Every structure is written in structure tokens, then in C-alpha cells.
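Trainee: Quick one: sequence and predicted model below, then my questions.
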Amino acid sequence: MLSNIFAFFLKISPGLKRAVWKKLYQYLAKKYPTAEWTYMNYGYEPNDQVAPIPLKAEEERDRYMIQLYHHVATAVDLTDKVVVEVGSGRGGGSSYIKRYLNPKTMTGIDYALNAIAFSNKQHSVTGLTFIHGDAENLPLPNASVDAVVNIESSHCYGSMKKFVGQVHRVLRPGGYFLFADLRPSEAIDELDTTFRAAGFQVLKKELISKEVVNAMEAIHEYKVAFFQSRVKGWLKKPLNNFLGVKGSNIHKLLDNGEMVYYHYVLQK
Ligand SMILES: C[S@@+](CC[C@H](N)C(=O)[O-])C[C@H]1O[C@@H](n2cnc3c(N)ncnc32)[C@H](O)[C@@H]1O
């Protein structure tokens, strides 16, 4: 998630940006081992009336965040595939993919050790594991993965070029890179160049800002109630921006197009 301090992150060095985000996600996973909080993205709600994906009753509260995972991860058939999520956060998304989309194995990777400990404790599913690792130096052999999923995490990285190179290295020939994240609108050309320069073919490039804004608005009341009652002290004030609730900077910027949220389907 981003906040109105996005401008600050654009100005500081890549190394410092990485370190600040890492500290924040480490802190959140340690300080808030809240079992019900397993997703950390802004969500997705389609513009058109479509049949809602069937979920268990207890997963309904996470519907919009799950819909983002569903939209991105169903772009290709993951059945019986070796799938890795980079930036798996609190593990809800990797768990959803393993339980609903039937990959052979699902591995979540995150550089926040506390988030990995939380995820391994929280999501006990056969064939699902969470390991500690850095997006810019993936702890995986060459050509060992069929699909890499990456949702709302890459804006934290020091070098997008290094990350995309690592994804290309670990994918088997023909493997898929399923990507979604937000950027300032003027940064998209550079993103395209980075994907192509690493050797990826762009199968799909889809602007989903509107669908993300729909979700931010639909989930507003739940998020405010859930987080404001749990979070204390200094975090309370910046929290609304971090969460992307209605009226927050990030909600406004996505709504007016200064920031854009894209989904890419890439193939090695
Ligand atoms: C906004 S959260 C999204 C988490 C998850 N994808 C979701 O949608 O719920 C971003 C995640 O990326 C992780 N992350 C940031 N930089 C990373 C890096 N260099 N390597 C691995 N994980 C990283 C953070 O620790 C955090 O868990």
C-alpha cells in the first residue's frame, strides 16, 4: 500500500526506500499478529455486473482483496503448476491461490521475516509454504518456476530492473509473470521498457485503476472500523492514507489519473 508519503519515496535513494518499507512491514507483522488481517492490497471490484466469485462465508470480509488476486492469477491456468508469489505479505493471497486455483505447489516469498513467521503460522495448507527472501535476489534455482505472481509489492523495491531480471531467471521458458501494481502515470513507459529489456513478451497490459478505486470505496467503512479500533498511537493518523480509504491522497490520485494501477500478463 502507498500513502501520501509516496512523493517522499520518489525523492530518496532506492536503498533507503527499500529499508523504510522493510521496517514498516516488519513492524506491522510483529505489532499486529491479528489473525483476521491476511491481505494488504487495495482490492478490485469490476465495473460491470459479473457473477461474484464464490467464497467461504468467513472470507467475505476480504472479498475485494481476494478479487484482485483472482483477477490477476486467473489470467492463465495455474492448475498443477509450480507457482511463486513475491511479496506475499500476510499470506492470504498465496493461500487463496493454493486453495482455489489448484497449483501443484505455492510458495510465498517476502523480505519481512515477521510476515513469513505470521504466514506459516496462519495458513496451514498442504503444498503451501512461505520462505524469507528478497525480490531482488530470489532464493530459487534458475528455470524452476511456472508462474510468478506479484501484487502491490514492486513499488517498495530498490531496483525494478533487478527484480524483473530475477523473475526471468527463475521462470521456465514459456513461464508466466502475473504482475499488478501502481505507479505515477509518467512511470509506465519505463516499466514497459524494463519488462521488454529483460526478455518478456507482453501478452496483456490492462489499466485497472477504476476497478481498484471501486474497491477502495466499497471497502471504506469496513477498513475504518477494523483498523481504527485496533491501531493505537502514532499510526492512527497516517493509517487512513496507508489503507487508501475514501478521501485519502492515494484514493484521489488513482481517481484523477495521476497514479495508475496496471495489471500485466508477461511470458518468458
Ligand atoms: C502492500 S504489501 C502486499 C502484500 C500482498 N501481496 C497482498 O496483496 O496482500 C507489500 C509486500 O511486499 C513486501 N516486500 C517489499 N519489498 C520486498 C522485497 N524487496 N522482497 C520481498 N518482499 C518485499 C512487503 O514486506 C509487503 O509484505
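Mentor: Now that the structure is in, tell me what you want to look at.
Trainee: what residues does this structure put near the ligand?
Mentor: Applying Cβ under 6 Å from any ligand atom, one finds that the chain approaches the ligand through 1, 21, 25, 39-41, 86-89, 92-93, 110-112, 115, 134-136, 151-153, 156-157. Just so you know, the C-beta spots here come from the backbone N, C-alpha and C atoms, and that holds for glycine as well.
Trainee: redo that, cut-off 8 Å
Mentor: Contact residues (Cβ under 8 Å from any ligand atom) of the chain with the ligand: 1, 18, 21-22, 25-26, 29, 38-41, 65, 68-69, 85-90, 92-93, 109-112, 115, 133-136, 150-154, 156-158, 163.
Trainee: Quick check: which element contains Met216?
Mentor: Assigned by DSSP states H and E, Met216 belongs to helix 209-230.
Trainee: That helix - what's its average pLDDT?
Mentor: Averaging pLDDT along helix 209-230 gives 88.
Trainee: Tell me the first helix or strand C-terminal of that helix.
Mentor: Heading C-terminal from helix 209-230 (DSSP H and E), you reach helix 236-243.
Trainee: in this protein, what residue is nearest the ligand?
Mentor: As assessed by Cβ to the nearest ligand atom, the ligand sits closest to Gly89 within the chain, at 2.6 Å.
Trainee: Quick check, that residue in contact with Leu28.
Mentor: No. The pair Gly89 / Leu28 is not scored as a contact, 9.3 Å apart, by Cβ atoms under 8 Å.
Trainee: so what sits against both of those two?
Mentor: Common contacts of Gly89 and Leu28 (Cβ atoms under 8 Å, 6 or more residues apart in numbering): Ala115.
Trainee: send the alpha carbons of the helix holding Met216 over as CSV?
Mentor: Extracted in CSV, the C-alpha atoms of helix 209-230 (Å, rounded to 0.1, in the frame of the first residue of the first chain):
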residue,chain,number,x,y,z
SER,A,209,-7.3,2.0,-11.7
LYS,A,210,-11.1,2.3,-11.8
GLU,A,211,-11.7,-1.2,-10.5
VAL,A,212,-9.2,-0.5,-7.7
VAL,A,213,-11.0,2.8,-6.8
ASN,A,214,-14.3,0.9,-6.8
ALA,A,215,-12.9,-1.5,-4.2
MET,A,216,-11.4,1.3,-2.1
GLU,A,217,-14.9,2.9,-2.0
ALA,A,218,-16.8,-0.3,-1.3
ILE,A,219,-14.5,-1.4,1.5
HIS,A,220,-14.1,2.1,3.1
GLU,A,221,-16.4,1.6,6.2
TYR,A,222,-15.1,-1.9,7.0
LYS,A,223,-11.5,-0.8,6.8
VAL,A,224,-12.0,2.2,9.0
ALA,A,225,-13.9,0.2,11.6
PHE,A,226,-11.5,-2.7,11.5
PHE,A,227,-8.2,-0.8,11.7
GLN,A,228,-9.1,2.3,13.7
SER,A,229,-10.3,0.1,16.6
ARG,A,230,-7.1,-2.0,16.7
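Trainee: List the buried residues for it?
Mentor: 209, 211-217, 219-220, 223, 226-227 (16 or more other Cβ atoms under 10 Å).
Trainee: show me what contacts the residue of the chain closest to the ligand?
Mentor: Counted by Cβ under 8 Å, 6+ apart, Gly89 has contacts 25, 39-41, 110, 112, 115, 119, 153.
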